[in-house]
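> Here you go, sequence then predicted model.
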There are 4 protein chains.
Amino acid sequence: MFDNLYGCRESLLDGIKRASDVMIAGKVCVVAGYGDVGKGCVQALRGSGGRVLVTEIDPINALQAAMKGYEVTTMEEASKEAQIFVITTSYTGIIMGEHFLNMKDDSIVCNIGHFDCEINVSWLQQNAVEKVNIKPQVDRYQLPNGSHIILLTKGQLVNLGCAMGHSSFVMSNSFTNQVLAQIKLWTNRDKYQIDVHVLPKKLDEEVAALHLDKFDVKLTKLSPHQTDTAVIQK
Amino acid sequence: MFDNLYGCRESLLDGIKRASDVMIAGKVCVVAGYGDVGKGCVQALRGSGGRVLVTEIDPINALQAAMKGYEVTTMEEASKEAQIFVITTSYTGIIMGEHFLNMKDDSIVCNIGHFDCEINVSWLQQNAVEKVNIKPQVDRYQLPNGSHIILLTKGQLVNLGCAMGHSSFVMSNSFTNQVLAQIKLWTNRDKYQIDVHVLPKKLDEEVAALHLDKFDVKLTKLSPHQTDTAVIQK
Amino acid sequence: MFDNLYGCRESLLDGIKRASDVMIAGKVCVVAGYGDVGKGCVQALRGSGGRVLVTEIDPINALQAAMKGYEVTTMEEASKEAQIFVITTSYTGIIMGEHFLNMKDDSIVCNIGHFDCEINVSWLQQNAVEKVNIKPQVDRYQLPNGSHIILLTKGQLVNLGCAMGHSSFVMSNSFTNQVLAQIKLWTNRDKYQIDVHVLPKKLDEEVAALHLDKFDVKLTKLSPHQTDTAVIQK
Amino acid sequence: MFDNLYGCRESLLDGIKRASDVMIAGKVCVVAGYGDVGKGCVQALRGSGGRVLVTEIDPINALQAAMKGYEVTTMEEASKEAQIFVITTSYTGIIMGEHFLNMKDDSIVCNIGHFDCEINVSWLQQNAVEKVNIKPQVDRYQLPNGSHIILLTKGQLVNLGCAMGHSSFVMSNSFTNQVLAQIKLWTNRDKYQIDVHVLPKKLDEEVAALHLDKFDVKLTKLSPHQTDTAVIQK
């Protein structure tokens, strides 16, 4: 939850800005996928004044996006309108040749999903009439129809390729989680068979609790009476 | 998820406005609890220009509130600063006598949690020097220290007592869910023993899918190739 | 500035909710005009999860709307997409017959501009095949094409017709302004000829200063040294 | 309006991120000044999840900040709470020795105002027990009380010193304005004496109109009838 949502909310723009210095305000942006990474990206782009379109395959995520006031549409439609493309899924073929050909001149295309398969970069390489390397991690392809595509960090993760990745604070949450999990597994190694284990929510709570001081968060403690009279047991 | 978060995001303000016509902008508001109901209330109050403080017992919820830029503090502290109090928990004793005595004159106190135990109304009734019924569901108590408290709908649910409850659209989601669940249970009644059953996420997806048309949401369908090459299996 | 922007930001939704109990989240809303009233309405609708389209005649206002991430389009286009229509201009004929015929079934149409000329209500009255009065201030017209229009308070001001108007706090700003202006004019009546006078910004500052305490705002005072060394004289 | 508000809204974070990679979410940030630059900075910091405090000398600006839900307080108070300090005024002595001594360890201090006088850098240089240059434009001072201050680009403009300044789009607005003004002055040079002239709003409208296409903004044109019947003449 933490590095995907909160990390990407800040590192997406950081990557795009360092790579392109483009203004987000007023631009039509499309974010493919409205999971945790997508939610963070969408917030960041709207927060900077972008108009954000969302594509989704999951009806629950799609409804969540709609209930926040985002237009949910397909890449076929969005590729004709948007100027900034951000891919957050882990599926192949999210941006394909036909989408590139729909795009406006000098559209910026980047990926913050899991792999480098989401954007069909090989189509670009095979079909572009020219490729100019603007600076490290920024390539500008000219398409047969005359328009240009600015591809960031070859379609790999833009927050790693074009910025410094997530802030240390958010990674501290993620790493603390992993360390506590390892300690838990080791100290209870007799109880855990070799298998995939879902670790208790208790660990997440510990991680969060350890990071609250940094924000001067004052947590409320229930009295024994309040706990005893709780009607809904969680 | 739908009626708690999205329903309360709209019905909280509706209830407060119909009851009091108070301006939210510029006011310090405290929301006790940052679960789904609390998240909806906090969004609504900030969206109208209120400055929102949050109280929480759960470190994960507290961290989420902080990461959205909300001050997380205790009711002891918040009761001295805020002018609008919204309780979203299901615990007793969230607002007690000592908190009432801390409050500014004519603070508005309401509940959108589960019951009517969250606010200690009996303390008010026993300790107030005067109680004036302003209009139905709106009582103004004068405290021994001279200041006044405006209590909405006797500490019961403000969106039901002072407004019309949730919009029909959001309840359509909730009721569709229940109806689909009943159909599922009935048509598979041989498989389900008498017990508490968690119904499959598939049902939530069906509910969401049935409501997307109303918003002109265009859902994306993966091709068989995209499904086959998916690296992360969900 | 105060009653238009901050007043409407709260009283628009109050009026729509009391009249219709409609859910804003997920709905496509169009706001005609992006002046102070329009800016307040747009913030309120987005704050509740609506997707907001803007129509404008002024290029500066239009650019401001775009830089906040709103789609700026014409009523011809918007009337096919939106379900909630809010008019904030003072021009005639913003919503005309052709727009009504474009609208989705049970679209809600209201006015928060200056007069009752913005929406062509007489077209509705002459062309509707049926008119049902749902409740006071809420009429549902059936168009010849079969779809329905829900018109609030006969096209007059929705925050006055369907709610209690602005909150007392925001009107206190407006009225204080008028009173201070009258005092100023009276005490300096020798200096002011009978004419239209623009009153000094100083008065607005006084009004604002008088209302800051209510919000616990702590204003900073410059030291004489800071004032003396100020490079930009305002 | 354009480079101050919209430019800084994006270039502030760009500068802070490139310099420090700090996470904004959850941090308490103080913005000194709520003019156009301040408004842009405040939006950007809240948009990333920061909790923003504002300091102001002007009651109208202070009220505007309060009506958006920001805490308005003094630097004496804010310096004890905040971790990120952004100065947008053009006055001397906004951050002085006593404020540095109040700050939490490793607070980040930067300026996006007009000059380099806002932050008392010479106090830092004279009183720090150690100064470490982390990287170009980033200095870490150790104070006599043991805590550290991270000063960006020596107290000069952080968006110029630590990032690439404003995006080309926003500067295109500013420069178009200047060019149109020069053309206007030159072609009407007989009418303008040597003096300071306020140029007509018409020019701003032209600038805005020239940039709308880039955002696919569709402007509405009033019919002659609508113009003729306009009740409020602007």
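That came through fine.
> all contacts plus neighbour counts: C-alpha atoms, from now on.
Noted.
> Could you pull up the contacting residues of residue A:8?
Residue A:8 sits next to A:37, A:40, A:41, A:159, A:166 when contact means Cα atoms under 8 Å, 6 or more residues apart in numbering or on different chains.
> hang on, I meant residue A:68
Contact partners of residue A:68, counting by Cα under 8 Å, 6+ apart, are C:25, C:26, C:46, C:48, C:49, C:50, C:51.
> one more time with 6 Å
By Cα atoms under 6 Å, 6 or more residues apart in numbering or on different chains, the contact set of residue A:68 is residue C:49.
> One more: residue A:154?
With contact taken as Cα under 6 Å, 6+ apart, residue A:154 is in contact with no other residue.
> on that earlier part again, between the contacts of residue A:8, which has the most around it?
residue A:41 (32 neighbours; other Cα atoms under 10 Å in any protein chain shown).
> Least confident of the contacts of residue A:8?
For the contacts of residue A:8, the model is least confident at residue A:166; its pLDDT is 82.
> ok, and the closest non-adjacent residue to it?
Among residues not flanking residue A:166 along the chain, residue A:7 sits closest, at 5.2 Å (Cα to Cα, 6 or more residues apart in numbering or on different chains).
> Over to residue A:53?
Residue A:53 sits nearest to residue A:30 (Cα to Cα, 6+ apart), 4.6 Å away.
> Which element, helix or strand, includes the one you found?
strand A:28-32 (DSSP states H and E).
> Rounded mean pLDDT for that strand, please.
Average pLDDT, strand A:28-32: 98.
> Give the buried residues for that strand.
A:28, A:29, A:30, A:31, A:32 (16 or more other Cα atoms under 10 Å in any protein chain shown).
> Figure out how far the lengthiest helix in chain A is from the centre of its chain.
Secondary structure of chain A per DSSP state H: the longest helix is helix A:168-187. Counting by Cα atoms, centre = their mean, to the nearest Å, helix A:168-187 is centred 21 Å from the centre of its parent chain.
> Is any residue of that helix near chain D?
No - if you take Cα under 6 Å from any Cα of the partner chain as the test, helix A:168-187 misses chain D, and the best it gets is 6.5 Å.
> so the helix or strand following that helix versus helix A:168-187, what angle?
Sequence-wise, the next helix or strand downstream of helix A:168-187 (DSSP H and E) is helix A:201-212. Taking axes from the mean of the first three to the mean of the last three Cα atoms, to 10 degrees, one finds that helix A:201-212 is oriented at 140 degrees with respect to helix A:168-187.
> what residues does the lowest-mean-pLDDT helix or strand in chain A touch?
One helix or strand of chain A scores below all others by mean pLDDT, DSSP states H and E: helix A:224-228, with a mean of 85. Residues outside helix A:224-228 that contact it (Cα under 6 Å, 6+ apart): residue B:92.
> Which parts of chain A are strands?
A:28-32, A:51-55, A:71-72, A:84-87, A:107-111, A:130-135, A:138-142, A:148-152 (DSSP state E).
> Tell me which strands the second one pairs with, and in which orientation.
If I follow you right, that is strand A:51-55. strand A:28-32 (parallel), strand A:71-72 (parallel) (DSSP bridges).
> Alpha carbons of that strand, in PDB - could you do that?
The C-alpha trace of strand A:51-55 is given here as PDB (Å, rounded to 0.1, in the frame of the first residue of the first chain):
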ATOM      1  CA  ARG A  51      -7.300  16.400 -16.800                       C
ATOM      2  CA  VAL A  52      -7.100  12.700 -16.200                       C
ATOM      3  CA  LEU A  53      -8.700   9.900 -18.100                       C
ATOM      4  CA  VAL A  54      -8.500   6.300 -16.700                       C
ATOM      5  CA  THR A  55      -8.600   3.000 -18.500                       C
END
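> and for it, what are the contacting residues?
If you take Cα under 6 Å, 6+ apart as the criterion, strand A:51-55 is touched by A:28, A:29, A:30, A:31, A:32, A:33, A:71, A:72, A:73, A:74, C:69.
> roughly how far apart are residue A:216 and residue D:70?
With distances taken as Cα to Cα, to the nearest Å, residue A:216 is found 18 Å from residue D:70.
> Compute the number of surrounding residues for the residue nearest to residue A:217 when sequence neighbours are not counted.
Distances taken as Cα to Cα, 6+ apart put residue B:72 closest to residue A:217, at 5.1 Å, once the chain neighbours are dropped. Counted by other Cα under 10 Å, the residues lying close to residue B:72 total 27.
> Equivalent analysis for the one 5 residues further on, please.
Residue B:77 is surrounded by 14 other residues when neighbours are defined as other Cα under 10 Å.
> Right, I'll call it a day here.
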